[in-house]
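**Q** give me a model of this one.
(2 chains, ligands or ions: 4)
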Amino acid sequence: MTEIVVIGCGLAGLSAAIAGAERGAHVTLVSPMVPERSQSVMAMGGINAALDLKGEGDSCEQHFADTMRAGCFIADPGATRRLAEAAPDVIDWLSRQGVCFTRDEQGRPAQRPFGGQRKTRTCYSGARTGKQLVSALATQARRYEASGAVTRLMGLRLLSLVLDDDGACVGAVLVDPMTNEAIALPADSVILAFGAPNGVWGKTTGSQVNDGCAAGIALRDGLSFGNLEMVQFHPTTLETPSKRMLVTEAARGLGGRLYALRDGRPWYFMEEWYPELGALMPRDVVSRSIYRVVHEMGLKHDGRDEVLLDITHLRADVIERDLDEVLDTCLTYRGIDPRVEPIPVYPGVHFSMGGILVDEGNRADVDRVMAAGECACQFHGANRLGGNSTLAAVHGGRLCAESAVQQGPGASGPRRDAALDEALAGARADIAAWSACGPTGEPSRDVRARLVQTMHACMGIYRDAAGLERGLGTLRDLFEGCRSTGCGESYYDFLSTREELRLAVAMVGSALERKESRGAHQRTDFPDTDDERYRATMVTSWRDGRARTEVRACQTHA
Amino acid sequence: MPDARVRIAVRRQRDPESPSSLEAFEYVGPTHVSVLHVLEWINDHPGSRTSTADAPFEAIAYECSCEQGLCGACAMVVNDTPTLACQAFVDEVARDGLVEVGPLTKFPLVRDLVVDRSALEEAMIESHAWLEGDAKVTPRLAVHQYQAGLCLACGCCLEACPNYAPGDLFCGAAGAVGLMGTVTKEPDDAHREDMRRAYQERFFSVCSKNGACERACPAGLPTMTLVSQANRASVWGFWQRIGRRR
Ligand SMILES: Cc1cc2nc3c(=O)[nH]c(=O)nc-3n(C[C@H](O)[C@H](O)[C@H](O)COP(=O)(O)OP(=O)(O)OC[C@H]3O[C@@H](n4cnc5c(N)ncnc54)[C@H](O)[C@@H]3O)c2cc1C
Ligand code: SF4
Ligand code: SF4
Ligand code: FES
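**A** Ligands and ions are numbered 1, 2, ... in the order given. As a prediction, the model looks like this:
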């Protein structure tokens, strides 16, 4: 029987676990928290599939074309075509798993328009699509847990991947951050589905659990990463004490206007700059415009890096009915009533297009490692379409399981056991070494604060060589400093601070090497798109203690 | 927002074997912030501790993920009420300038404010709450199925339920809600019967319908409506009829 270890139990991890169990494998599902706590539950908008229910002539070809265009043509074309073609089946599969999609009069999953797409192709489940998807899949994973095909191990995080002498993955070492206990799990394949690296950014729209530590570990242990510079900023997020809350595009879709105060009077900059679409321009254009207004023109709101989103001209009952989420968020977290006052907004980190580089079968470039969901790089290129990432997580998770089952059992016996024993002993020694010296060096909270500050300073909406090089220097120093001392309140705090820094170094390195502007990556020193050199994937790997980035043609790399 | 001073008392316990104690802190800052944020703030400001203690401050352990009421991770007891710490605002919950924070008490303690809620999932496994066949679509029930799908598995309902004690067979509102979500979609008669039996044993025979769970549910689920509908139809014969007709 094929033994699969899945790291993470959001949409990608759950889909992989169910698909693996369906194909007769035994799956161990590992995560610090249960599926109900994963970032996937926060998705509201929906999930795309070209079902053409409205007779608009939509097709998988169109879906593919829209996805490639949004990604500025650096997504993996083969894999992306397959994603678009598989989407209708994904919706059908989800429906059979029990997802209660909002349905039309004929009982088919209803669809609505969603950012950046020409056709109506986004399925949804009321105002809580992600939550409903996770609920249904968690319920079905339970069925396999009861039959013994799935084992859940909650409360654990990835500590290392275990490779044998041939460089193939034979398992993973996991750690309980609360007790510092480490265990080693043998596996024929390891599927990585640990989500976005929010930790390197501090406040994002996503979950605190996705800290970025697992990505740093994957990089350290030999996986190549693609397009790490591609990070999507959502243009309208609301600052709160502990995170940035997303203010949905629907607020602009229903007529919300963006303005800044100029000489004491509202100036509707989007309408002036883009008379046709105004505030409804694509996410990256709106984000960049807000940046220009605040930083280049210095038009701040009350001295803060914010512009104003005005929906006060909409009827109160429309706001209460169609924008209840916005109303609720503003009232609850900031005591702002958007029916009578504007909402202060600024772009916030929302989605990572880059990640572990995988091929059409979601295989990474270490044998017997697969990756899916937001931790993988494949479908989204330089910009992701709304509704494509939940789809990618489910589709990618299922593909990972297929690949793992196809590869079947790997090496077992004394060589594998020796590799696992050695890795576990190494991990325990590392933990013991940290415990012996305890928290030393600069407090981890200060190190993290500098990491976050540096990332925002050099990897924000606009970038240039000088800023990136300065940032890289700071991050390298922090990384080295935290390697040689035992900073951190606990072993896991130490480990994650170090690994987040490693990932950050790789991200900035990748951004430095892409000497052009494309989608989410805008260089003031290279303002043009350079298709000749950079309609390509930036591939970053960790070798000899450094992150190295090379340019590779964007086909499937295997 | 003017800064204010609020006393925060946090129940601390290193591990299941150690004794528990209350540790006091003084939070200084704007008060329209969540209790979750205050915990984060305390961990960043160890000097805010006001209780006298010999040992150096150790970070308070708690769970959180979404920080916006969508994931159930941060359920704890705040001033005697089970709630989501990210949705409990200091200015709204403080009593005489004091906020007391403790772990859910009906689950085994792990550390400080972290408890082991795996009993919730185990009850669902033992109740066979999943689908054997392809889900049926019944438009009339869509609203209830959607609501059942919103359950956060946070455990506040069990904390509030007078009839639930740790280790009970009784699965409380969380279990009942989950079972309703699955049983109404299951096309397989035998498996539906399985779930019906589990529902009767693990819920119906114990629940006294006092509604404490509904008042406690941070997802705003109408647990009583969901449950009473099932009960009224002679403990789920209703669902079976629907199953046959399609
Ligand atoms: C507010 C918001 C709204 C969104 N709306 C939409 C939308 O409408 N449509 C859309 O398509 N997309 C949307 N997205 C994006 C989409 O939700 C995600 O890209 C997708 O759900 C990712 O799924 P995943 O399974 O890859 O990761 P996640 O759901 O993030 O799951 C990651 C899993 O890995 C675990 N994990 C984390 N770290 C570790 C570790 N160190 N070791 C082991 N396990 C670990 C976590 O506990 C979790 O179980 C939205 C995102 C946000 C933040
Ligand atoms: S109605 Fe009362 S007894 Fe029944 S589950 Fe809810 S709290 Fe418990
Ligand atoms: S029913 Fe409500 S209180 Fe109970 S677990 Fe679900 S969300 Fe929490
Ligand atoms: S952190 Fe998710 S509900 Fe509070």
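
**Q** helix, strand, or coil at the closest residue to ligand 1 within chain B?
**A** In chain B, the residue that lies nearest ligand 1 is residue B:65 (7.4 Å; C-beta to the nearest ligand atom). Just so you know, the C-beta spots here come from the backbone N, C-alpha and C atoms, and that holds for glycine as well. Following DSSP: H, G, I helix; E, B strand; the rest coil, we place residue B:65 in the coil state.

**Q** and chain B, what are its domains?
**A** B:4-115, B:118-245 (automatic domain parsing).

**Q** ok, of those domains, where does mean pLDDT dip lowest?
**A** Of all these, the minimum mean pLDDT falls on domain B:118-245 (a mean of 87).

**Q** say whether ligand 1 is contacted by it.
**A** No. Using C-beta under 6 Å from any ligand atom, domain B:118-245 never reaches ligand 1; the gap is at least 13.4 Å.

**Q** mind checking how far residue A:213 is from residue A:224?
**A** 18 Å (C-beta to C-beta, to the nearest Å).

**Q** whichever strand or helix holds residue A:404 near ligand 1 anywhere?
**A** Following DSSP states H and E, the helix or strand that holds residue A:404 is helix A:388-407. Yes. Applying C-beta under 6 Å from any ligand atom, one finds helix A:388-407 touching ligand 1 at A:388-390, A:393.

**Q** more crowded one of residue A:213 and residue A:224?
**A** residue A:213 (26 against 23; other C-beta atoms under 10 Å in any protein chain shown).

**Q** now do the contacts for the closest residue to the more buried one other than its chain neighbours.
**A** In space, and not counting its chain neighbours, residue A:213 is closest to residue A:496: 3.7 Å by C-beta to C-beta, 6 or more residues apart in numbering or on different chains. Residue A:496 is in contact with A:199, A:211-213, A:216, counting by C-beta atoms under 8 Å, 6 or more residues apart in numbering or on different chains.

**Q** before we move on, the earlier item: CA atoms of the helix holding residue A:404 as CSV?
**A** Taking C-alpha atoms only, helix A:388-407 is exported to CSV below (Å, rounded to 0.1, in the frame of the first residue of the first chain):
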residue,chain,number,x,y,z
ASN,A,388,-9.0,30.5,-9.2
SER,A,389,-7.1,29.6,-6.0
THR,A,390,-9.7,27.6,-4.3
LEU,A,391,-10.0,25.8,-7.7
ALA,A,392,-6.3,25.3,-7.8
ALA,A,393,-6.1,24.0,-4.3
VAL,A,394,-8.8,21.3,-4.9
HIS,A,395,-7.6,20.3,-8.3
GLY,A,396,-3.9,20.4,-7.3
GLY,A,397,-4.5,18.4,-4.2
ARG,A,398,-6.2,15.7,-6.2
LEU,A,399,-3.4,15.7,-8.8
CYS,A,400,-0.8,15.3,-6.1
ALA,A,401,-2.6,12.2,-4.8
GLU,A,402,-2.8,10.8,-8.3
SER,A,403,0.9,11.3,-8.8
ALA,A,404,1.8,9.8,-5.4
VAL,A,405,-0.3,6.7,-6.1
GLN,A,406,1.1,6.4,-9.6
GLN,A,407,4.6,6.5,-8.2
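
**Q** packing partners for it?
**A** Contact analysis of helix A:388-407 by 3 or more C-beta pairs under 8 Å, 6 or more residues apart in numbering or on different chains; DSSP states H and E lists strand A:3-7, helix A:11-22, strand A:47-48, helix A:77-96, helix A:129-147, strand A:189-192, strand A:369-371 as its packing neighbours.

**Q** right, so of the ones you listed, which gets closest to residue A:255?
**A** Evaluated with C-beta to C-beta, these place helix A:129-147 nearest to residue A:255, the distance being 23.5 Å.

**Q** so what pLDDT did residue A:284 get?
**A** 88.

**Q** coming back round to it: now the domains of chain B as a markdown table including mean neighbour count and distance to ligand 4?
**A** A markdown table is the format used below for those (neighbours: other C-beta atoms under 10 Å in any protein chain shown; distance: least, C-beta to the nearest ligand atom, whole Å):
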| stretch | mean neighbour count | distance to ligand 4 |
| --- | --- | --- |
| domain B:4-115 | 18 | 3 |
| domain B:118-245 | 19 | 7 |
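
**Q** a markdown table for those, including distance to chain A?
**A** Below are the domains of chain B laid out as a markdown table (distance: least, C-beta to the nearest C-beta, whole Å):
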| stretch | distance to chain A |
| --- | --- |
| domain B:4-115 | 4 |
| domain B:118-245 | 4 |
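
**Q** re the thing from before, for the residue nearest to residue A:213, pull up the helix or strand it's in.
**A** helix A:491-513.

**Q** and the next element down the chain from that helix?
**A** helix A:531-534.

**Q** can you list contacts of that next one?
**A** By C-beta under 8 Å, 6+ apart, helix A:531-534 touches A:73-74, A:514-516, A:518, A:551.

**Q** what about that helix, distance to the chain center?
**A** Remark: helix A:531-534 is offset 25 Å from the chain centroid, using C-alpha atoms, centre = their mean, to the nearest Å.

**Q** rounded mean pLDDT for it, please.
**A** Here the average pLDDT along helix A:531-534 is 96.

**Q** next: stretch A:150-159.
**A** pLDDT averaged over stretch A:150-159 gives 98.

**Q** now it: buried residues?
**A** A:150, A:152-159 (16 or more other C-beta atoms under 10 Å in any protein chain shown).

**Q** same deal with stretch A:285-301?
**A** Those buried within stretch A:285-301 under the rule 16+ other C-beta under 10 Å are A:286-291, A:293-294, A:299-301.

**Q** just those residues: which are in strands?
**A** Using DSSP state E, no member of those falls in strands.

**Q** now distance to residue B:127 too, for those residues, in JSON lines please.
**A** Converted to JSON lines, these look like this (distance: C-beta to C-beta, whole Å):
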{"residue": "A:286", "distance to residue B:127": "48"}
{"residue": "A:287", "distance to residue B:127": "47"}
{"residue": "A:288", "distance to residue B:127": "52"}
{"residue": "A:289", "distance to residue B:127": "53"}
{"residue": "A:290", "distance to residue B:127": "50"}
{"residue": "A:291", "distance to residue B:127": "52"}
{"residue": "A:293", "distance to residue B:127": "56"}
{"residue": "A:294", "distance to residue B:127": "54"}
{"residue": "A:299", "distance to residue B:127": "58"}
{"residue": "A:300", "distance to residue B:127": "56"}
{"residue": "A:301", "distance to residue B:127": "53"}
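
**Q** about what we covered before: between the contacts of helix A:531-534, which is closest to ligand 2?
**A** For these, the nearest to ligand 2 is residue A:74 (53.1 Å; C-beta to the nearest ligand atom).

**Q** right, and the closest one touches residue A:552 too?
**A** No. Contact criterion C-beta atoms under 8 Å: residue A:74 and residue A:552 do not qualify, at 10.6 Å.

**Q** hang on, the earlier thing: out of the helices and strands packed on helix A:388-407, nearest to ligand 1?
**A** helix A:11-22 (3.4 Å).

**Q** touching chain B at all, the closest one?
**A** No. Helix A:11-22 is not in contact with chain B by C-beta under 8 Å from any C-beta of the partner chain; minimum separation 10.7 Å.

**Q** show me what whatever helix or strand comes next after that helix is packed against.
**A** Next along the chain after helix A:11-22, taking DSSP H and E as the criterion, comes strand A:26-31. In terms of contacts (3+ C-beta pairs under 8 Å, 6+ apart), strand A:26-31 is packed against strand A:3-7, helix A:11-22, strand A:150-154.
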